[in-house]
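Colleague: only geometry, no sequence info:
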């Protein structure tokens, strides 16, 4: 099974600054036949369902502000949130969907410093 | 796209419960459906999924629930199911269905307690 880890567990960032969250998979999530990385990022707020931010590692879901960006390849991926706003306080998860079971990372809690 | 979970509630340990996920707004048969839960104080846990019918409609499960939970689909009614057997106290949580469209339901709460 592919194991997904995230770092840090939590971080505090000042308003207007940049937050960086890392995600690592134990095996490559690249599918050679379509050259896509099967990794997604989600934002989870209390009392709400998860909201997809990115799929294929870097394709932004419709409606997601462009201050959110997803990058990476192979086994190492990054979610970057620039110009941090109060509404970005949440837990962020990555998930691999290259091969079942489609494990989530343990999550990274983001709050305002 | 809309996904609506139902069937949650309070149930005793050892009993069975079936959750439903009713979908609308997309061609249901052509998309896989997953079930994900969040137990109190925990992160998101992928439980299992059923592939799109053109892809065989086969299922996969997390090791933690394999043999106890069963995912199925009824394309004629646009509903996916999660049958949960031998429920345990640590199965308590909010259960979500999510489709390969990237959409999620609002979740349904399952509380396992005597």
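Modeller: Nice, thanks for sending it over. Every value quoted in this text rests on a predicted model; they were computed, and no experiment measured them.
Colleague: Show me what residue A:21 is bridged to.
Modeller: residue A:79 (DSSP bridges).
Colleague: For it, grab the count of nearby residues.
Modeller: Applying other C-beta atoms under 10 Å in any protein chain shown, we find 23 residues neighbouring residue A:21. To be clear about C-beta, it is placed using only N, CA and C from the backbone, and glycine gets the same treatment.
Colleague: where does the residue nearest to residue B:66 when sequence neighbours are not counted land on pLDDT?
Modeller: The shortest distance from residue B:66 to any non-neighbouring residue, by C-beta to C-beta, 6 or more residues apart in numbering or on different chains, is to residue B:48 (7.9 Å). Note on residue B:48: pLDDT of 98.
Colleague: show me what contacts residue B:48?
Modeller: Going by C-beta atoms under 8 Å, 6 or more residues apart in numbering or on different chains, residue B:48 touches A:101, B:34, B:35, B:59, B:60, B:61, B:62, B:65, B:66, B:69, B:71, B:82.
Colleague: at 6 Å instead, please
Modeller: Neighbour list for residue B:48: B:35, B:61, B:71 [criterion: C-beta atoms under 6 Å, 6 or more residues apart in numbering or on different chains].
Colleague: And residue B:5, by the same measure?
Modeller: B:21, B:97, B:105, B:108.
Colleague: Write out the residues of chain A neighbouring chain B.
Modeller: A:49, A:50, A:52, A:93, A:100, A:101, A:102, A:104, A:106, A:107 (C-beta under 6 Å from any C-beta of the partner chain).
Colleague: Next, give me the two most distant ones among those residues.
Modeller: A:49 and A:100 (21.3 Å; C-beta to C-beta).
Colleague: separation between residue A:46 and residue B:69?
Modeller: 25 Å (C-beta to C-beta, to the nearest Å).
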